[in-house]
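Asker: Make a model of this:
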Amino acid sequence: KKHGCQIVEMETAALFANAKALGKNAAAVMTVSDCLVTGVSTTSLERQKSFTQMMEMALGTLDS
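Answerer: Numbering: from 1, shown residues only. Below you'll find the predicted structure:
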């Protein structure tokens with residue numbers, strides 16, 4: 001909040017750092033599940049249903 005951030009991401013920074021160290025490519029698809037500002041968050045069932053659709057769409061672009 002002090003820095004004006006509305007989201008927090010932890011894992012992707014490590015993914016990209018490791019890919020760079022190994023000379024590999026990396027990609028990430030991010031979805032916001034919880035809002036630190038408003039306190040609104042998705043339930044596990046909502047994440048299961050809606051995030052699966054997002055993942056399927058993202059993976060579908062790899063076929064191109």
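Asker: so where do the strands sit in the protein?
Answerer: Remark: no strands are assigned in the chain by DSSP state E.
Asker: residue nearest the centroid of it?
Answerer: Geometric centre of the chain, nearest residue: M30, 2.3 Å, by CA atoms, centre = their mean.
Asker: what sits against it?
Answerer: By CB atoms under 8 Å, 6 or more residues apart in numbering, M30 lies in contact with 9, 12. The C-beta positions use only the backbone N, C-alpha and C, and glycine is treated the same way.
Asker: roughly how far apart are it and F51?
Answerer: 11 Å (CB to CB, to the nearest Å).
Asker: ok, how many other residues are close to the nearest residue to K20 once chain neighbours are set aside?
Answerer: Here the nearest residue to K20 in space, its sequence neighbours aside, is A26; by CB to CB, 6 or more residues apart in numbering that works out to 8.0 Å. Using other CB atoms under 10 Å, A26 is surrounded by 12 other residues.
Asker: Tell me the spacing between the residue nearest to the centre of the chain and A21.
Answerer: Computed as CB to CB, the M30 to A21 distance reads 21 Å.
Asker: And L62, by the same measure?
Answerer: 24 Å.
Asker: before we move on, what about E11?
Answerer: Counting by CB to CB, the separation of E11 from A21 is 16 Å.
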